[in-house]
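Q: let me see the structure of the following:
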Amino acid sequence: MKAISGNQFLGLYDPALTAYDSSKVVIQQLPYEYTSSYIAGSANGPAAIVAASGFVECYDEEIDTEIVDEIGIHTANPLDFDNVVNEQAISLIENSTSRLLKDDKFVVSLGAEHTVTYGIVKAFARKYPNLSILQIDAHSDLRQSYQDNPLSHACVMARIHDMGLTICQAGIRAQAREEAELIKSSENIHTLYAHQIRTNPLWIDEIIAPLNNDVYITIDADGFDPSIIPGVGTAEPNGLFWTETLQLLQQVCKDRNVVGFDIVECAPIEGSILSEYTLAKLAYKLIGYRFQTSV
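A: Numbers count the residues shown, from 1 in each chain. I've put the predicted structure just below:
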């Protein structure tokens with residue numbers, strides 16, 4: 001059952017599908033925006049995605065099921081980041097995620113700026129010691145510091161790299177020289193740039209190959225081409241398109257144990273629902289891939 005609801009993912013109102021205790025999936029909303037460096041507004045992204053999801057059909061023709069009926073999806077209230085920034089914000093996110101993981105929930109996080117992924121991954125890495133990261137993004141986010149802040153959105157993958165985790169990046173097409181040099185020197189970072197994807201029919205296999213069995217996926221909305229998702233803070237041309245992204249996500253769900261994912265950096269555009277609706281559908285598609293019994 002559906003209702004046009006702005007505070008329940010998919011606009012669901014049936015407690016049998018949304019109760020915390022019985023739901024396998026929890027949508028975590030993290031409207032933390034402190035270091036945006038171009039277009040602001042990502043703090044509005046999580047709520048906008050949840051609201052737009054009310055118009056996403058529960059039936060997925062690709063997997064031929066309404067996956068929500070099988071697993072249940074609970075939407076948690078947004079975390080409050082008033083007067084909470086940097087290390088305190090990371091700790092708040094880490095603690096919230098840890099509580100959900102302790103309850104054996106599959107955590108889907110909708111974030112504002114990409115910094116939130118650091119707190120999420122810290123929690124996941126404690127539960128999954130051999131965790132690896134699949135990153136879909138326009139930017140490598142590997143700066144050691146940006147605008148004098150090592151916890152900037154532009155540094156999130158550098159902080160995760162500091163944790164010693166394997167990182168596989170897809171669609172990168174904007175970075176500083178220091179980031180390119182780190183990629184070349186690190187055994188833990190495997191990057192397939194957007195221009196390489198365009199000429200490599202085996203790019204999906206190459207992205208997945210270095211990943212350990214337990215995989216966390218972080219999706220920056222600007223990883224997509226702006227023609228697909230224009231509502232982002234730092235748009236870059238030559239991004240990933242819908243079908244090829246779904247093919248990557250479906251394959252990694254087949255080949256690895258996807259333990260959770262986030263979608264970040266949606267900055268809604270007034271008068272347009274394209275970005276938040278597409279990302280809401282992406283979230284539900286990825287949940288379906290993760291929990292499907294057959295394709």
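Q: going by C-alpha atoms from here, please, whenever you check contacts or count neighbours.
A: Noted.
Q: neighbours of Pro87, how many?
A: I think there's a mix-up here, since residue 87 is Glu and not Pro. Neighbour count of Glu87, defined by other Cα atoms under 10 Å: 11.
Q: ok but it is inside a helix, no?
A: Yes: going by DSSP: H, G, I helix; E, B strand; the rest coil, the assignment for Glu87 places it inside a helix.
Q: how about it: what's its closest non-neighbour residue?
A: Leu151 (7.9 Å; Cα to Cα, 6 or more residues apart in numbering).
Q: what sits against that neighbour?
A: Asn86, Glu87, Thr115, Ser145, Arg159 (Cα atoms under 8 Å, 6 or more residues apart in numbering).
Q: what's whichever strand or helix holds His195 in contact with?
A: Assigned by DSSP states H and E, His195 belongs to helix 194-197. Contacts of helix 194-197 with the rest of the structure, by Cα under 8 Å, 6+ apart, involve Ala170, Gly171, Ile172, Arg173, Trp203, Asn238, Gly239, Leu240.
Q: can you pull out the strands in this protein?
A: For the chain, the strands defined by DSSP state E cover 25-30, 73-75, 106-111, 132-136, 166-172, 189-193, 214-220, 257-264.
Q: still on that earlier bit, now the contacts of Leu151 in CSV, with distance to Gly231 and pLDDT?
A: Listed next are the contacts of Leu151 as CSV, based on distance: Cα to Cα, whole Å; pLDDT from 0 to 100:
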residue, distance to Gly231, pLDDT
Asn86, 24, 96
Glu87, 27, 96
Thr115, 18, 96
Ser145, 25, 94
Arg159, 26, 98
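Q: just to revisit the earlier point, can I get the strands of the chain in JSON lines with mean neighbour count?
A: Formatted as JSON lines, the strands of the chain follow (neighbours: other Cα atoms under 10 Å):
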{"stretch": "strand 25-30", "mean neighbour count": "24"}
{"stretch": "strand 73-75", "mean neighbour count": "25"}
{"stretch": "strand 106-111", "mean neighbour count": "25"}
{"stretch": "strand 132-136", "mean neighbour count": "25"}
{"stretch": "strand 166-172", "mean neighbour count": "25"}
{"stretch": "strand 189-193", "mean neighbour count": "20"}
{"stretch": "strand 214-220", "mean neighbour count": "23"}
{"stretch": "strand 257-264", "mean neighbour count": "23"}
